[in-house]
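A.B. asks: fold the following and give me the result.
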Amino acid sequence: MANSWATLGVDLHLEPTGPHLRRGLTDALREAVRTGRLAPGTRLPSSRSLATDLGIARNTVADAYADLVAEGWLTARQGSGTRVAEGTVTPPASAHGRPGPPRPAPAHPRPLRWRP
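C.D. replies: Numbering: from 1, shown residues only. As a prediction, this is how the structure comes out:
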């Protein structure tokens, strides 16, 4: 049942490189999201399916997904899968340099002040 995630319409073309597979996979996924190859809202394959397809450990994929969720590139919901977060495609680089990762929205729209 390899490539069962292909029915999701996602063609990842990932090539994790380097001595650290987790970092290579995380970087490859981040770049695919950043450049728009993976559009916001796109459902990613399960960690089990992607691990099988890439021939790596499931925990490596799960950890890479968790890193990208923590950075704000992906969202994850138990039972709904992992998806590319909305608003993650960055604009092309400007003359001032490369844009960074998306900034998470502030938890509170205005500063909270404690008054005794």
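
A.B. asks: please enumerate the helices of this structure.
C.D. replies: Ranges of helices in the chain, per DSSP state H, are 21-34, 47-54, 58-71.

A.B. asks: got the ones you listed as a markdown table, with mean pLDDT and distance to residue 77 columns?
C.D. replies: No exception for glycine: its C-beta is placed from N, CA and C like everyone else's. Shown next, in a markdown table, are those (pLDDT from 0 to 100; distance: least, CB to CB, whole Å):
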| stretch | mean pLDDT | distance to residue 77 |
| --- | --- | --- |
| helix 21-34 | 90 | 17 |
| helix 47-54 | 91 | 14 |
| helix 58-71 | 95 | 10 |
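
A.B. asks: same list, those, but as CSV with mean neighbour count and distance to residue 78 please.
C.D. replies: Formatted as CSV, those follow (neighbours: other CB atoms under 10 Å; distance: least, CB to CB, whole Å):
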stretch, mean neighbour count, distance to residue 78
helix 21-34, 19, 20
helix 47-54, 19, 12
helix 58-71, 18, 12
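
A.B. asks: put together CSV for the ones you listed, with distance to residue 79 on each row.
C.D. replies: Listed next are the helices of the chain as CSV, based on distance: least, CB to CB, whole Å:
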stretch, distance to residue 79
helix 21-34, 21
helix 47-54, 14
helix 58-71, 15
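
A.B. asks: so which of those helices gets nearest residue 84?
C.D. replies: Nearest of these to residue 84, taken as CB to CB: helix 21-34 at 5.4 Å.

A.B. asks: residue 86: neighbouring residues, count only.
C.D. replies: 11 (other CB atoms under 10 Å).

A.B. asks: same check, this time on residue 55
C.D. replies: 7.

A.B. asks: what's near enough to touch it?
C.D. replies: Residues near residue 55 by CB atoms under 8 Å, 6 or more residues apart in numbering: none.
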